[in-house]
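Enquirer: Next input, structure requested:
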Amino acid sequence: MTRRIRVARRAAFALLGASVVCAAETPPADCTKQGFPTSARVEFVQECMMKSGGEIASLYKCSCAIDWIGKEVSYDEFVDWETFARNASMAGERGGVFRDTDEAKKEGKQYRDLESEAYQACGVQLRK
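Expert: The predicted structure follows:
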């Protein structure tokens with residue numbers, strides 16, 4: 001098993017462990033008040049860790065970044081912005097919806113700016 005897979009696996013277990021604590025010791029209403037679903041947080045942190053070299057130290061910085069984002073925008077805004085940013089590189093006519101309209105350009109830029117600010121605030125350094 002490669003080092004990256006082991007690191008990603010450890011990160012997933014750590015974040016899932018945090019969700020179990022929430023589920024076990026916190027009333028369900030309080031867990032939903034935290035904003036972002038645990039699965040979205042895990043996905044973001046895993047992707048962030050891979051972008052920043054896959055080191056376990058990135059776990060804390062990437063967790064900080066998603067927490068920072070969660071304080072800045074609602075989950076619905078995050079999903080909308082991320083959808084435009086991620087799909088802007090989709091080829092053909094289908095991708096045009098995500099890159100050619102003014103809304104697509106605006107929302108994709110908002111996501112990239114938000115992500116960049118979160119990375120900077122938490123000391124995440126992306127691998128080149």
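
Enquirer: mind listing what the residue nearest to the spatial centre of the chain touches?
Expert: Nearest residue to the geometric centre of the chain (C-alpha atoms, centre = their mean): Phe44, 2.6 Å. Phe44 makes contact with Cys62, Ala65, Ile66, Ile69, according to C-beta atoms under 8 Å, 6 or more residues apart in numbering. From N, CA and C alone the C-beta is placed, and that goes for glycine too.

Enquirer: again, but for Arg99
Expert: Here Arg99 is in contact with Asn87, Ala88, Ser89, Met90, Lys105, Gly108 (C-beta under 8 Å, 6+ apart).

Enquirer: So which other helices or strands are in contact with the regular element (helix or strand) spanning the fifth one?
Expert: Using DSSP states H and E, the secondary-structure element containing Lys105 is helix 102-122. Using 3 or more C-beta pairs under 8 Å, 6 or more residues apart in numbering; DSSP states H and E as the contact definition, the elements that helix 102-122 packs against are helix 57-72, helix 75-87, helix 92-99.

Enquirer: the inter-axis angle of that helix versus helix 57-72?
Expert: Relative orientation of helix 102-122 versus helix 57-72 (axes from the mean of the first three to the mean of the last three C-alpha atoms, to 10 degrees): 130 degrees.
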